[in-house]
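>>> I'd like to go over a predicted model; first the sequence, then the structure.
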Amino acid sequence: MTREPEWDDDDRDWALALTEFENNRCPVCGGQREECSDPASEGRWEVPLPTRCHRATSLAQKQAPYYAASEPGKAAAAHPEALLWEVHRRP
């Protein structure tokens with residue numbers, strides 16, 4: 001009986017390429033380091049106006065009371081970062 005290898009040469013090449021791509025990612029913007037850190041690229045980036053994620057807005061509105069102190073000098077909800085939140089589409 002002949003076993004087929006899990007990874008052929010193409011699979012290994014793709015895996016190595018992905019590893020190299022991920023290792024060269026900028027931790028700040030997520031782009032490739034040689035592209036985003038090149039001084040010659042300064043001024044070549046365009047930033048369009050943002051769009052709003054209404055799902056995240058709804059979530060932030062519900063979370064706000066748990067992070068805000070109800071009175072000056074009083075703590076917000078105990079460990080609000082430990083709360084588990086879900087967002088569901090209304091029917």
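Done, it's in. The model shown is predicted, which means the values in this text are computed figures rather than measured ones.
>>> quick check, distance from stretch 19-39 to the centre of its chain.
15 Å (Cα atoms, centre = their mean, to the nearest Å).
>>> Report the contact partners of the residue nearest to residue 28 when sequence neighbours are not counted.
The spatial neighbour of residue 28 that comes closest, neighbours along the chain excluded (Cβ to Cβ, 6 or more residues apart in numbering), is residue 36 at 7.8 Å. No exception for glycine: its C-beta is placed from N, CA and C like everyone else's. By Cβ atoms under 8 Å, 6 or more residues apart in numbering, the contact set of residue 36 is 26, 28, 29.
>>> So, low pLDDT: which residues of the protein?
Where the chain drops to pLDDT under 70, the residues are 70-75.
>>> Now do the SS call for the closest residue to residue 68 other than its chain neighbours.
Ranked by Cβ to Cβ, 6+ apart and with sequence neighbours excluded, the top spatial neighbour of residue 68 is residue 76, at 5.8 Å. Assigned by DSSP: H, G, I helix; E, B strand; the rest coil, the conformation of residue 76 is coil.
>>> ok, now which ones touch residue 76?
Neighbouring residues of residue 76 by Cβ under 8 Å, 6+ apart: 66, 67, 68, 69, 70.
>>> what about residue 42, distance to residue 50?
For residue 42, the distance to residue 50 (Cβ to Cβ, to the nearest Å) stands at 22 Å.
>>> now swap in residue 20 and tell me
Taking Cβ to Cβ as the measure, residue 20 and residue 50 are separated by 31 Å.
>>> do you know how far residue 52 is from residue 68?
Residue 52 is 21 Å from residue 68, where distance means Cβ to Cβ.
>>> and if you look at residue 33?
Separation of residue 33 from residue 68 (Cβ to Cβ): 38 Å.
>>> the more surrounded of those two?
Using other Cβ atoms under 10 Å as the criterion, residue 33 and residue 68 rank with residue 33 on top: 14 against 10.
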